[in-house]
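J.: Dropping a prediction and its sequence here:
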Amino acid sequence: MLSIRRTNLGGMSVASRHVMGTGIVIGALALTLIALLIPVRSFGGRTAAAAPAPAPAVATSPAPGSASADDDGAGVMNTAFGPLTPQDREFVRKVRLAGLWELPAGKQAQERGTRKSVRTAGEHLVEGHTELDRRVLEVGEALGVELPDRPSGQQQAWLDQLDRAQGATYERLFVQLLRRAHGKVFTLVAQVRAQTRNSVVRELATDANTTVLDHIAVLEASGLVDFEGLADSPPAAAPPTAARPADPSPTATRPRK
């Protein structure tokens with residue numbers, strides 16, 4: 001009996017040890033799991049808030065709203081003559097616009113100019129822009145560029161000023177307005193000629209460069225250009241006559257060699 005009890009007691013002790021060991025293991029696992037979950041729940045919100053937001057994607061082309069005033073927003077177009085950029089199209093349109101007001105201004109100078117140098121300048125304007133206008137119409141059709149058919153509001157205002165001016169005032173205003181306009185477009189012509197990858201636009205820029213440079217030279221040859229007045233703001237009226245001769249003769253205004 002005693003041996004049986006001891007055996008049973010020993011058996012019970014072994015079982016108890018197994019049960020207790022299992023309980024300890026389970027309890028340890030539970031404590032470990034709790035320890036892992038508590039930091040995540042407590043600080044998860046802070047971790048998410050501190051994480052930096054993903055960087056925005058880099059745009060490969062400017063958004064429509066960021067286009068410049070002269071950019072038609074159509075981007076670069078593929079043509080049979082090479083890529084056609086917004087700057088190319090702006091240039092083609094400005095060549096057309098130049099002819100729409102400089103051609104009638106040249107005709108007017110041929111009729112109203114009292115100086116031979118002013119009439120000669122008008123003659124060069126008519127000849128140059130007649131040919132350049134023919135070329136730009138061909139280019140516009142070949143490239144599918146829609147061209148204006150009337151001067152801009154500012155250009156029309158310049159023509160209106162010339163209509164109202166008389167005599168020496170008219171001649172000085174004519175020379176100053178046209179010289180300033182040619183100086184502005186000359187910068188764009190040079191830039192397009194150097195950068196364009198479109199062969200048709202390049203040829204037009206070459207022709208325009210020759211024409212504009214000729215017009216600048218013949219306008220300056222009149223001796224009436226006020227170089228200090230070639231600022232961004234066009235002259236609203238002719239310079240005061242008291243500051244310069246009323247009507248110098250062609251000989252007196254001829255550039256010295």
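T.: In hand now; what should we look at? Numbering: from 1, shown residues only.
J.: Please enumerate the helices of the chain.
T.: Listed from the start of the chain, the chain has helices (DSSP state H) covering 2-50, 86-112, 116-143, 153-164, 167-195, 199-220, 250-253.
J.: Tell me what angle the fourth one forms with helix 167-195.
T.: Orientation check (axes from the mean of the first three to the mean of the last three C-alpha atoms, to 10 degrees): helix 153-164 against helix 167-195 gives 150 degrees.
J.: Look at K107 and say how many residues are nearby.
T.: When neighbours are defined as other C-beta atoms under 10 Å, K107 has 15 of them. C-beta coordinates here come from the backbone N, C-alpha and C atoms, glycine included.
J.: Skipping adjacent residues, who's closest to it in space?
T.: Ranked by C-beta to C-beta, 6 or more residues apart in numbering and with sequence neighbours excluded, the top spatial neighbour of K107 is V126, at 5.7 Å.
J.: Next up, the contacts around the one you found.
T.: 103, 106-107, 110 (C-beta atoms under 8 Å, 6 or more residues apart in numbering).
J.: Now with 10 Å, please.
T.: For V126, the contacting residues are 102-110, taking C-beta atoms under 10 Å, 6 or more residues apart in numbering as the criterion.
J.: Could you turn the buried ones of those into a ChimeraX selection?
T.: Buried members of these, identified by 16 or more other C-beta atoms under 10 Å, are gathered into one ChimeraX selection as follows:
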select :102,103,104,105,106,108,109,110
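J.: Name the nearest of the contacts of V126 relative to G223.
T.: Within the contacts of V126, distances to G223 taken as C-beta to C-beta reach their minimum at A109, with 14.9 Å.
J.: L178 is in contact with that closest one, correct?
T.: Yes: the pair A109 and L178 qualifies as a contact (C-beta atoms under 10 Å) at a distance of 8.4 Å.
J.: what is in contact with these two at once?
T.: Listed contacts common to A109 and L178 are 121-122, 125, 162, 222; contacts here mean C-beta under 10 Å, 6+ apart.
J.: quick one: which two of the residues you listed are the most distant?
T.: Within the shared contacts of A109 and L178, L162 and S222 form the most distant pair, 14.9 Å apart (C-beta to C-beta).
J.: More neighbours: the two, which one.
T.: The residue with more neighbours, out of L162 and S222 and counting by other C-beta under 10 Å, is S222; that gives 26 against 19.
J.: Now the more buried one: closest residue in space that isn't a chain neighbour?
T.: S117 (4.1 Å).
J.: ok, now how distant is the one you found from A168?
T.: Here the distance between S117 and A168 works out to 13 Å (C-beta to C-beta, to the nearest Å).
J.: Tell me which residues touch the closest residue to R202 other than its chain neighbours, please.
T.: The shortest distance from R202 to any residue other than its chain neighbours is 5.2 Å, reached at T196 (C-beta to C-beta, 6+ apart). With C-beta under 10 Å, 6+ apart as the criterion, the residues that contact T196 are 81-85, 87-88, 91, 202-205.
J.: Buried subset of those, written for ChimeraX?
T.: Only the buried entries of the contacts of T196 go into this ChimeraX selection, using 16+ other C-beta under 10 Å:
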select :81,84,85,87,88,91,202,204,205
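J.: number of nearby residues for E141?
T.: Residues lying near E141 (other C-beta under 10 Å) number 10.
J.: Next one: it from V225, what distance?
T.: For E141 relative to V225 (C-beta to C-beta), the value is 36 Å.
J.: Might one say that P83 is in contact with L143?
T.: No: look at P83 against L143 with C-beta under 10 Å: they stay out of range, at 11.0 Å.
J.: got the contact list for V218?
T.: The contact partners of V218, by C-beta under 10 Å, 6+ apart, come to 117-118, 120-125, 128, 175, 178-179.
J.: Next, format the residues you listed as TSV and append pLDDT.
T.: As requested, the contacts of V218 are arranged in TSV below (pLDDT from 0 to 100):
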residue	pLDDT
S117	97
V118	98
T120	98
A121	98
G122	98
E123	98
H124	98
L125	98
G128	97
V175	98
L178	97
R179	97
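J.: Would you mind giving those residues as CSV with distance to M77 and neighbour count added?
T.: Output for the contacts of V218, formatted as CSV (distance: C-beta to C-beta, whole Å; neighbours: other C-beta atoms under 10 Å):
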residue, distance to M77, neighbour count
S117, 43, 20
V118, 42, 24
T120, 41, 18
A121, 37, 29
G122, 37, 24
E123, 38, 16
H124, 34, 18
L125, 32, 29
G128, 29, 23
V175, 39, 26
L178, 33, 26
R179, 34, 23
